[in-house]
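Colleague: What follows is a predicted protein model with its sequence.
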Amino acid sequence: MKTARQLLGEKQIHQLISIPSGATVFQALQIFAEWNVGAALVMDGNKLIGIFSERDYARRVVLLGRSTATTLVNDVMTSQVVCVRADTHTSECLALMTERRIRHLPVKEDGEVIGVLSIGDLVRATIAEQRFTIEQLESYLYR
C-alpha cells in the first residue's frame, strides 16, 4: 500500500497550485483553466489558509449571484482544510475523503504543504493496487 508521499511523486503536476487570498474568483478560475484543476490552495506566503474549489465557486458565488470579477477568494474559500501527513496510506486518505465528502486533500510534511491529492488520484491508485493483486492471484492459481 502506497503512502500519500509516494502517490504525489507519481503525479504529472509536481508544482503546488495556489492562489493568494486577495485574488479574485475570476483569477482563481483562470488558474483552474490554465492547470486543468478543480481546486487550488489559498496561501499567505507558505501558510495554508484555505482551499478554493469549483464546488465553492458553484455554491458560494454562482448560486448567490456574486460577481467573479469583484468577489475575493478569501470571502468564499473553504477555511477548514482537512490535511494528511505524507506518510498516510492511500486507503486512509480515501476513507477520510469519503467520510468528509471532500475531493482534494493537501499533504503536509514537517508542517508544510508538499502537494495535493485528488479523489481521482486515489481512485486510480486503488484500482492499480487491486489490478496488481488480481494479477498476482491469477499467476499463483494458474502456475
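Modeller: All right, it came through fine.

Colleague: Now do whichever strand or helix holds Thr133: which elements does it pack against?
Modeller: Per DSSP states H and E: Thr133 is located in helix 119-141. Packing partners of helix 119-141 (3 or more C-beta pairs under 8 Å, 6 or more residues apart in numbering; DSSP states H and E): helix 4-10, helix 90-100. All C-beta atoms are positioned from the backbone trio N, CA, C, and that covers glycine.

Colleague: deepest of the ones you listed, which one?
Modeller: For those, the largest average neighbour count (mean count of other C-beta atoms under 10 Å) is found in helix 4-10, namely a mean of 17.

Colleague: next structured bit after that one?
Modeller: Once helix 4-10 ends, the next helix or strand along the chain (criterion: DSSP H and E) is strand 18-20.

Colleague: In that next one, which residues are buried?
Modeller: Neighbour-count burial for strand 18-20, counted by 16 or more other C-beta atoms under 10 Å, picks out 18-19.

Colleague: who touches the helix or strand that it is followed by?
Modeller: The first helix or strand that comes after strand 18-20 along the chain, using DSSP H and E, is helix 25-35. Helix 25-35 is contacted from outside by 13, 17, 19, 37-40, 52, 54, 57, 61, 66, 68-69, 71-73, 76, using C-beta atoms under 8 Å, 6 or more residues apart in numbering.
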